[in-house]
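[1] Build the 3D model from these lines:
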Amino acid sequence: MPKQLLTAPWPDITQQIRQFDSNFNIQAIRTIGGGCINEAYQIQSESTDYFVKLNKASFLSSFEAEAAGLAEIQKTHTIRVPEPKCYGCDAGNTWLVLEYISLKQATKKSYQTLAENLAAMHHHTTERFGWFRDNVIGATPQKNHYALNWVDFWRDQRLGYQLQLARQKGYGGKLQSLGENLLASLDLFFTNYVLAPTLLHGDLWGGNCAFDQSGQPLIFDPAIYYGDRETDLAMTELFGGFSSEFYATYQEIYPLDSGYSTRKTLYNLYHILNHLNLFGEGYRRQAEQMQVKLLAELRS
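    Residues are numbered from 1 along each chain as shown. Predicted coordinates for the structure are as follows:
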C-alpha cells in the first residue's frame, strides 16, 4: 500500500483547481483503493468531481510524465483517457488532478470497442523509437531515449536496464547469465519482421483499463513511448482479464505477425523483471523460466 501522507494538501489543490473551475469547493473526499504506489481520492463539489493522486514531493516528475502521456494519447482522438487537469507540489507532497469518470461493468461489445480503439491508436506512428522524456513503469524509472533501431532500444533501455537493476539488488547467477545470452541473440527474434514506432500505452494490464457509464473503454496510468505494438498486446495476456472478443476483434482489424507468439514472452519478460525489482524474490524463477524458454526457441 502507498505510504500515508502526513498532511494532505487539499487547500493548495483546491486553489489550483479554481484557476480553471472558479467555483470549486471540496464538499466530500472519498478514498479510492487498488493502487500500490500512490494514494488516490475522489474529491467532490456541488457540480464537479475530480480524481486526485497524491504522493511524496519526489514523485513530481512522475506525475508530470503521466499528464504528458495522457495528453499524448488524447491527441490521437482514438481512445478515451482521463483528461489531466493540473499537477503541483508543496514541501512534502505532490499531486495530479484528473477528470473523474464513473465506471461500469464491461460487456462483450465494450471489449470489442476497446480492441477497435486500441488498434486505431496503434496506427499513430513516428520516425524514432522512444519518447521525448523518460517516465516510470510502476515506480521504476523507464528510459525512453530516442533510437532508430528497435532491437537496440529493447536491448539497452528495456531488458538490459532491468537486468542491471536486478544485479544491483543482488539478483545475479543464473538470471544474469541467461540474460547475457539472450541480449547477445536478441536480433534473431526480429528476422524478417518490419515494424514502425507506434504509440503505446506501455503498461496495458487489466487494472489500467475500464469502461465508462456508456460502455466506452478508457485507459489510464500510462507508461507511454513509441515502440512495437506487440508489446501492448503481450501485456494484456500477462495477467489476463481481457476477453476473447477483444483479441478476435484486434486481430481482424490489425493482424499480428506470426512471430508474435514467441516475441510476446520476450516483451513480457520486461514486466516480470520489473516486478522482480519492485516486489522481490517471488518473480526470479518466473523470469529465469521465460529466459530459458526464449533461448530454447532460438535453438529449435
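[2] alpha carbons only for contacts and neighbour counts from here, please
    Fine.
[3] What does the pLDDT read for the residue nearest the centre of the chain?
    In the chain, the centroid-proximal residue (CA atoms, centre = their mean) is residue 203; its distance is 2.3 Å. Looking at residue 203, its pLDDT is 98.
[4] ok, it - contacts?
    Residues in contact with residue 203 (CA atoms under 8 Å, 6 or more residues apart in numbering) are 137, 221-224, 232, 235.
[5] and it, helix, strand or coil?
    Look at residue 203: counting by DSSP: H, G, I helix; E, B strand; the rest coil, its state is coil.
[6] Need phi/psi at it.
    Per-residue torsions, residue 203: phi -150, psi 50 (degrees, to the nearest 10).
[7] cool, residue 296 as well?
    phi -70, psi -40.
[8] ok, now residue 217?
    Main-chain torsions, residue 217, degrees, to the nearest 10: phi -70, psi 150.
[9] what about the closest residue to it other than its chain neighbours, neighbour count?
    Spatial nearest neighbour of residue 217, excluding adjacent residues (CA to CA, 6 or more residues apart in numbering): residue 211 at 4.3 Å. Using other CA atoms under 10 Å, residue 211 has 21 neighbouring residues.
[10] Distance of residue 211 relative to residue 218?
    As judged by CA to CA, to the nearest Å, residue 211 and residue 218 stand 6 Å apart.
[11] Report the set of residues contacting both of the two.
    When contacts are counted by CA under 8 Å, 6+ apart, the set common to residue 211 and residue 218 is empty.
[12] How many residues are close by residue 206?
    Neighbour tally, residue 206, other CA under 10 Å: 16.
[13] Next, the residue nearest to it when sequence neighbours are not counted: phi, psi?
    Distance criterion CA to CA, 6+ apart; nearest residue to residue 206, sequence neighbours excluded, is residue 241 at 5.5 Å. Backbone geometry at residue 241, expressed as degrees, to the nearest 10, gives phi 100, psi -10.
[14] Return the distance of residue 193 relative to residue 230.
    To residue 230, residue 193 is 12 Å away according to CA to CA.
[15] Okay, helices next: where are they in this structure?
    For the chain, helices defined by DSSP state H occupy the ranges 10-17, 60-74, 108-121, 150-153, 160-168, 174-184, 230-238, 244-253, 260-279, 284-299.
[16] can you tell which of those helices is closest to residue 133?
    helix 60-74 (7.5 Å; CA to CA).
[17] what packs against the closest one?
    Packed against helix 60-74 by the contact rule (3 or more CA pairs under 8 Å, 6 or more residues apart in numbering; DSSP states H and E) you find strand 84-89, strand 93-99, strand 135-137.
[18] Dump these to a markdown table, plus mean neighbour count and distance to residue 64.
    Listed next are the helices and strands packed on helix 60-74 as a markdown table, based on neighbours: other CA atoms under 10 Å; distance: least, CA to CA, whole Å:
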| stretch | mean neighbour count | distance to residue 64 |
| --- | --- | --- |
| strand 84-89 | 19 | 7 |
| strand 93-99 | 22 | 8 |
| strand 135-137 | 21 | 9 |
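[19] between those strands, which gets nearest to residue 70?
    With respect to residue 70, and counting by CA to CA, the nearest of the helices and strands packed on helix 60-74 is strand 84-89 at 6.9 Å.
[20] Which segments of this protein make up each domain?
    Listed domain ranges for the chain are 10-99, 108-299 (source: automatic domain parsing).
[21] quick one: terminal-to-terminal distance for the longest one?
    Right, domain 108-299. Domain 108-299 has its terminal residues 40 Å apart, counting by CA to CA.
[22] same deal with stretch 66-82?
    Separation of the first and last residues of stretch 66-82 by CA to CA is 11 Å.
[23] Flag the shaky bits of the stretch 51-200 of the chain, pLDDT-wise.
    Within the stretch 51-200 of the chain, no stretch has pLDDT under 70.
[24] Pick the one among the contacts of residue 203 closest to residue 46.
    residue 221 (27.1 Å).
[25] The closest one: what's it in contact with?
    Per CA under 8 Å, 6+ apart, neighbours of residue 221: 66, 203, 208.
[26] And for residue 54?
    Taking CA under 8 Å, 6+ apart, we find residue 54 in contact with 8, 38-40, 93-96.
[27] Now flag whichever of those is closest to residue 160.
    Nearest to residue 160 out of the contacts of residue 54 is residue 38 (CA to CA; 27.0 Å).
[28] any idea of the pLDDT on the closest one?
    pLDDT recorded at residue 38 is 91.
[29] now do residue 6
    Looking at residue 6, its pLDDT is 48.
[30] residues near residue 299, how many?
    The criterion is other CA under 10 Å. On that basis, residue 299 has 6 neighbouring residues.
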